[in-house]
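Participant: Below are the sequence and a predicted model; questions follow.
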Amino acid sequence: MPELAELKLTAEYVNKMTEGKVFHGVAKNPEHKGEEITIDFPFVIEAQSRGKELMLTISTAPDFVTDQVEVKHLMMGMGMSGHFKWVKPGSVEKHAHLVFKTDTGTLAFVDVRRFGKWKWGFWNKDRGPDPISNYQAFVKNVIDNLHKKDFDKPICEVLMNQRWFNGIGNYLRAEILYRVCIDPFMSGREALTKCPEIFEECKSVSEMAYQLGGGELKDWKNPFETIEEINQGWSDFMLCYGNPKMATKMDSNGRRFWYDPIWNISEDNWCHYSGMPSPQAYANKVK
DNA sequence: CGTCCACGTCTAC
DNA sequence: TAGACCTGGACGG
């Protein structure tokens, strides 16, 4: 999806577009199989992200509070193509599947592929802390659980496990592992023990993507910058994912993993078996 | 036209 | 650990 950086930007976008606005009603596109959402009081919206989850806090609009403030949390996943868009009255947005209404426009959840989901609830307990906004808890969650079987798997796959790396997706794992000097196919436990910089990279690479306004891949568009600005910064940032000079391999989950082909050097078994950076790999990174 | 591919979960043999 | 869930863009014949 949208990964960690895009979710954070999405939350900010929602907050910016909904600030001071009073909503009255929600409509679900019948094309979408998701749950019907009914909000039968005038409300305000506030968004927050945690990894790849987005929480919309729905509460009674201040001017309409009579007895008590109602507060509900609508939890959203963006799927592969989900994003929000402010839609002015009169215009129709294709692939809008959940629409929050005001008199001056609507906030639309737009999702071409319809993998996005929503439900009333709270943060999913099966997903870890956010690597940017709750870094210490994120690191602790992994360190405290390194003995678990999940960490037997190669680090490139472990980074996709949302229980430990909430928010890291296919492009972030590639960019994170490219920036550390470690065999991406060694076990997660060994990699995280020998190379704790992986934790810092999860935060800093995600932050970099966030600063650049997120990925301009397919449907998702950063609403705050021009396409030219996005493209320049983004192509400088994307060193590995989608780069034809890199190697790729299908992981056990059927996702294409992008990595530095230096780790394919077979005559230098040292790097594969010990997991330590080969001299070539090291030289490659430092230059 | 067709086939492959895409920032992600889910659930069912 | 396959598939299922989806649309549409890129590219091949």
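Facilitator: Looks like it arrived, so ask away. The structure displayed is predicted, hence computed values, not measured ones. Numbering: from 1, shown residues only, chains lettered A, B, ... in the order given.
Participant: How about A:Ser187, nearest residue that isn't a chain neighbour?
Facilitator: A:Asp152 (5.7 Å; C-beta to C-beta, 6 or more residues apart in numbering). Just so you know, the C-beta spots here come from the backbone N, C-alpha and C atoms, and that holds for glycine as well.
Participant: quick one: contacts for that neighbour?
Facilitator: Shown in contact with A:Asp152 (C-beta atoms under 8 Å, 6 or more residues apart in numbering): A:187-189.
Participant: hey, where'd the helices end up in the stretch 51-200 of chain A?
Facilitator: A:135-143, A:155-158, A:170-178, A:188-194, A:197-211 (DSSP state H, counting those that start in this stretch).
Participant: Find the helix or strand that A:Pro30 is a member of.
Facilitator: Assigned by DSSP states H and E, A:Pro30 falls within no helix or strand.
Participant: and stretch A:165-179, C-alpha only, in CSV?
Facilitator: Extracted as CSV, the C-alpha positions of stretch A:165-179 are listed here (Å, rounded to 0.1, in the frame of the first residue of the first chain):
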residue,chain,number,x,y,z
PHE,A,165,7.6,-4.1,11.5
ASN,A,166,4.3,-2.4,11.2
GLY,A,167,4.4,-0.1,8.2
ILE,A,168,7.3,-1.6,6.4
GLY,A,169,6.2,-2.8,2.9
ASN,A,170,7.8,-3.9,-0.3
TYR,A,171,9.6,-0.8,-1.3
LEU,A,172,10.7,0.2,2.3
ARG,A,173,12.3,-3.3,3.0
ALA,A,174,14.3,-3.0,-0.2
GLU,A,175,15.5,0.5,0.6
ILE,A,176,16.2,-0.3,4.2
LEU,A,177,18.3,-3.5,3.5
TYR,A,178,20.1,-1.8,0.6
ARG,A,179,21.4,0.8,3.0
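Participant: For whichever residue of the stretch 151-287 of chain A sits closest to DNA strand C, which non-adjacent residue is closest in space?
Facilitator: When distances are taken as C-beta to the nearest atom of the strand, the stretch 151-287 of chain A reaches nearest to DNA strand C at A:Ser252, 5.4 Å away. Leaving out its chain neighbours, the residue that sits closest to A:Ser252 by C-beta to C-beta, 6+ apart is A:Glu157, at 6.3 Å.
Participant: Then A:Lys245?
Facilitator: In space, and not counting its chain neighbours, A:Lys245 is closest to A:Pro261: 7.7 Å by C-beta to C-beta, 6+ apart.
Participant: ok, the one you found - how many residues close by?
Facilitator: When neighbours are defined as other C-beta atoms under 10 Å, A:Pro261 has 10 of them.
Participant: From DNA strand B, how far out is it?
Facilitator: Using C-beta to the nearest atom of the strand, to the nearest Å, one obtains 17 Å as the distance from A:Pro261 to DNA strand B.
Participant: Contacts only, for that residue.
Facilitator: If you count contacts by C-beta under 8 Å, 6+ apart, A:Pro261 has them with A:245-247.
Participant: mind giving me the domain split of chain A?
Facilitator: For chain A, the structural domains run A:4-120, A:135-286, going by automatic domain parsing.
Participant: now the end-to-end length of the shortest one.
Facilitator: The stretch domain A:4-120 measures 21 Å between its terminal residues, going by C-alpha to C-alpha, to the nearest Å.
Participant: Go ahead and measure how far that domain is from the middle of the chain.
Facilitator: Its chain's C-alpha centre and that of domain A:4-120 lie 18 Å apart, by C-alpha atoms, centre = their mean, to the nearest Å.
Participant: hmm, that domain touching DNA strand C?
Facilitator: Yes. On the criterion C-beta under 7 Å from any atom of the strand, domain A:4-120 is in touch with DNA strand C at A:33, A:80, A:94-95, A:112-115.
Participant: related to what we said a few turns ago, phi, psi of the residue nearest to A:Lys245?
Facilitator: With angles defined as degrees, to the nearest 10, A:Pro261 sits at phi -70, psi -10.
Participant: so how far is A:Tyr178 from it?
Facilitator: In this view, A:Pro261 and A:Tyr178 are 11 Å apart by C-beta to C-beta, to the nearest Å.
Participant: pLDDT below threshold where in the stretch 151-287 of chain A?
Facilitator: Within the stretch 151-287 of chain A, the stretches with pLDDT under 70 are A:216-230, A:265-287.
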